[in-house]
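Peer 1: all I have is the shape, not the residue letters:
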C-alpha cells in the first residue's frame, strides 16, 4: 500500500534538495546489525500541559505516566503542529504540516475571532492517499503495525487506518462527542453532536458495536494494545503500536467502578483511567527484559485542553499558559510530552529543546533505519539527539516552527521568540455554549464560500482574528504566558519574517479535504433497526 501511495505522490515532487533543506534522516547514526527498536506512540485527546502529575497537576493521580517520566525524559517545550484534532493527527502521522496535505480548514469566522475545523462524522474525504504515514514507512522495513483508539482522519473505508499502513485497527473513527454512545456519564451536561449516527467501534474494517459502550472502552483499548504487543514480540518482528486515546475529550466517561474516585471530578476520572491503560501497556512490555530494552515509547497530546469558566469538573488545565484548544496561544499548542526507552534514554531527564509532533516521524524513521520520503517537503526533524539516545549522532536542531490557524499562518516561533501575526481575544469564552460546538458567544456565519470542488481555493478570510503588523512579539523564556508583548526588536522581527519568506517558497497547499460532507458516508451497522444504527443493546453492568 505504501508503494501505491508513493506512485500517487509523484505529482507532488519537489526534489531532494527541497527535502534536504528541512531534514536529512540519513545522517542519523544507527547500527544495521542491531535489532530494530519497537515503537509505542501514546496520543491523548485534549490533554493540557497541567493535567499530569509529572507536569504539576496537584489533584490528579497519574502514577504510571509519572513513572514513565522518571525512567525517561520530560520534554517541557514540546508543541503540537496544530491546535485541533484532525490537523494535528495528520501532522503527527505524516511528519508534514497539515496545510501541505489539505488536512486543515476554516469552519467559520467573525471580525475578532476564528476557528479551524475537523472532519465531521459524515466527512466525504480524509487523509489523502498521496501522503505516506509513519506506519507505512515502518511497515516497509518489516514492522508489524497496529492502531488502537481515535482515528479522525476519515471514516470512509478508503481512508481508514487499515488503508494507511496499519495492519490492524480497533477503535472509534472520530471523537467521542460525535454521536450517541452508552456510558457518556456527562452526556446531559455536554454538547453532543446529535446529527450524527451513534458512535461505532470498528475492528479492522468492520463495525462490531454501535452505539459504543464507553464504560468499557478504555479497558478494551488497553487489552487490544497488550495483545498486539505480546503477539508481535512473540513473532520476532519489530512492532509499531499507535494508541490514540479517546480520553480526555468531552464528554467525560470512565468505567463504572472508577467514576467518582478522583479528587478532580469526572475529568480526573478520565485522566486516571487513561493513565492506568498506559501503565498496563508498558507493564506488558516490561514483562520481557529483552523487549523492554528495545522499546521506545512516546506520549503526548493532540492539542491543549478546553478549560471552562463554568463546568470546571469536566475541563482540563493548560498550566501557566494562556489560551486553549483551537487557539495559537501557548495553551493551545504547548503539550506535555514524555519519552521512555530503558537503557537508551537516561532517566529523569528534562529536555528543554523545542520539538513538534511532526518530529515523531523522523525520530522513528531514523531509529529504525527507514527512509524518509524524499519527493516532498517534510517538516520533521529527529529528536534522537535532544533525547540523548545512546548511539545517536548529532543532527539538525529545530530552530523555527510555524503555527497555522486553520490553513492560515498565524504565529512563528524562532528560538525563544514567538511572533503572532494574528491573535484571538484573551481570555476566551467557554467552549460549550448556546451557539453550539466549538463556538463563539455571538451569532455565527457558517456559510462557506466554496466554488467547484476541482478548482476550490482556501478561503483565508473565514478565519480573520486580529491582524498585527508588525507581529506581536513575545520572549517565551521570560514570558511563557504571553502577557507582555515586546517593542523595539526590529532585528528579531526581520529574522522571523525572513524565515516566513523561506517557508512560503516551498509551500504548496494541498487540496482541501475537510469542508466536504455527505450524509451517505455516515457509518451505520444497520439502517433498518429502530432507531437506525442501534445494533447492540444498552450495557447491563
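Peer 2: Structure's in. What do you need? Fair warning: this is a prediction, and the values are worked out from it, not measured in the lab.

Peer 1: from the chain's centroid, how far away is stretch 411-423?
Peer 2: Relative to the centre of its chain, stretch 411-423 is centred 21 Å away, using CA atoms, centre = their mean, to the nearest Å.

Peer 1: my error: substitute stretch 348-356 in the last question.
Peer 2: With CA atoms, centre = their mean, you get 18 Å for stretch 348-356.

Peer 1: do the same with stretch 333-350
Peer 2: Relative to the centre of its chain, stretch 333-350 is centred 18 Å away, using CA atoms, centre = their mean.

Peer 1: and it, how far apart are its ends?
Peer 2: Using CA to CA, to the nearest Å, the end-to-end distance of stretch 333-350 comes out at 19 Å.

Peer 1: and stretch 303-321, by the same measure?
Peer 2: This stretch, stretch 303-321, spans 13 Å end to end (CA to CA).

Peer 1: can you count the residues close to residue 491?
Peer 2: Residues lying near residue 491 (other CB atoms under 10 Å) number 8. Yep, even glycine has a C-beta here, placed from its N, CA and C like the rest.

Peer 1: ok, the one 10 residues further on next?
Peer 2: For residue 501, the neighbour count with other CB under 10 Å is 9.

Peer 1: what stretches of this structure score poorly on pLDDT?
Peer 2: The model of the chain has pLDDT under 70 over residues 1-33, 107-115, 185-195, 308-313, 390-395, 426-464, 541.

Peer 1: where along the stretch 101-250 of the chain do the helices fall?
Peer 2: Ranges of helices within the stretch 101-250 of the chain are 134-139, 217-235, based on DSSP state H, counting those that start in this stretch.

Peer 1: between those helices, which one is closest to residue 36.
Peer 2: Of all the helices of the stretch 101-250 of the chain, helix 134-139 sits nearest to residue 36, with 8.7 Å by CB to CB.

Peer 1: for the closest one, buried residues please.
Peer 2: Residues 134, 135, 136, 137, 138, 139 are the ones in helix 134-139 that count as buried (16 or more other CB atoms under 10 Å).

Peer 1: which non-adjacent residue is nearest the fourth one?
Peer 2: Distances taken as CB to CB, 6 or more residues apart in numbering place residue 370 nearest to residue 137, at 4.9 Å, with adjacent residues excluded.

Peer 1: what about that neighbour, distance to residue 237?
Peer 2: According to CB to CB, to the nearest Å, residue 370 stands 14 Å off from residue 237.

Peer 1: residue 256 now?
Peer 2: From residue 256 over to residue 237 (counting by CB to CB), the distance is 38 Å.

Peer 1: picking up where we left off before, so who does the residue nearest to residue 137 touch?
Peer 2: Going by CB atoms under 8 Å, 6 or more residues apart in numbering, residue 370 touches 137, 138, 140, 141, 364.

Peer 1: nearest to residue 374, of the residues you listed?
Peer 2: Within the contacts of residue 370, the smallest distance to residue 374 is 11.9 Å, found for residue 137 (CB to CB).

Peer 1: list the contacts for the closest one?
Peer 2: Contact partners of residue 137, counting by CB under 8 Å, 6+ apart, are 2, 165, 361, 364, 365, 370, 371, 372, 373.

Peer 1: write a ChimeraX command that selects only the buried members of the residues you listed.
Peer 2: Buried residues among those (16+ other CB under 10 Å), as a ChimeraX selection:
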select :2,165,361,364,365,370,372,373
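
Peer 1: hey, where'd the strands end up in the stretch 51-200 of the chain?
Peer 2: For the stretch 51-200 of the chain, the strands defined by DSSP state E, counting those that start in this stretch occupy 73-79, 106-109, 114-116, 144-149, 168-171.

Peer 1: which residues does residue 73 contact?
Peer 2: Residue 73 sits next to 338, 339, 340, 345, 346, 349, 350, 351, 387, 388 when contact means CB under 8 Å, 6+ apart.

Peer 1: among those, which ones are in strands?
Peer 2: Counting by DSSP state E, the part of those found in strands is 338, 339, 340, 349, 350, 351.

Peer 1: out of those residues, who's the most crowded?
Peer 2: The residue in the ones in strands among the contacts of residue 73 with the most neighbours, by other CB under 10 Å, is residue 339 (27 neighbours).

Peer 1: so how far is residue 278 from it?
Peer 2: 13 Å.

Peer 1: now swap in residue 159 and tell me
Peer 2: Residue 159 is 27 Å from residue 278, by CB to CB.

Peer 1: neighbour count winner among those two?
Peer 2: Neighbours were counted for residue 159 and for residue 278 using other CB under 10 Å; residue 278 has more, 24 against 21.

Peer 1: by contact count, what packs against the helix or strand encompassing the more buried one?
Peer 2: Secondary-structure element containing residue 278, defined by DSSP states H and E: helix 265-286. Applying 3 or more CB pairs under 8 Å, 6 or more residues apart in numbering; DSSP states H and E, one finds that helix 265-286 contacts strand 38-44, helix 63-70, helix 217-235, strand 239-244, helix 289-292, strand 295-301.

Peer 1: apply 7 Å and report the result again.
Peer 2: Contacts defined by 3 or more CB pairs under 7 Å, 6 or more residues apart in numbering; DSSP states H and E place helix 265-286 against strand 38-44, helix 63-70, helix 217-235, helix 289-292, strand 295-301.

Peer 1: thought residue 324 was touching residue 333?
Peer 2: No: in this structure residue 324 lies outside contact range of residue 333 using CB atoms under 7 Å: 10.1 Å.

Peer 1: mutual contacts of those two, please.
Peer 2: The overlap between the contact sets of residue 324 and residue 333 (CB atoms under 7 Å, 6 or more residues apart in numbering) consists of residue 304.

Peer 1: quick one: the ones in strands among the contacts of residue 73 as CSV, columns for distance to residue 170 too.
Peer 2: Formatted as CSV, these follow (distance: CB to CB, whole Å):
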residue, distance to residue 170
338, 24
339, 25
340, 23
349, 33
350, 35
351, 32
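
Peer 1: of all the residues you listed, which two lie farthest apart?
Peer 2: Using CB to CB, the ones in strands among the contacts of residue 73 span at most 14.1 Å, a distance reached by 340 and 350.

Peer 1: wait, residue 503 touches residue 401, no?
Peer 2: No: checked against CB under 7 Å, the pair residue 503 and residue 401 is beyond contact range at 10.1 Å.

Peer 1: settle it for me: which of the two has more neighbours?
Peer 2: When neighbours are counted by other CB under 10 Å, residue 503 and residue 401 differ, and residue 401 comes out ahead with 22 against 17.

Peer 1: and that one, what element?
Peer 2: Residue 401 belongs to strand 400-405, assigned by DSSP H and E.

Peer 1: how far off centre is the helix holding residue 278?
Peer 2: Here helix 265-286 is found 18 Å from its chain centre; the criterion is CA atoms, centre = their mean.
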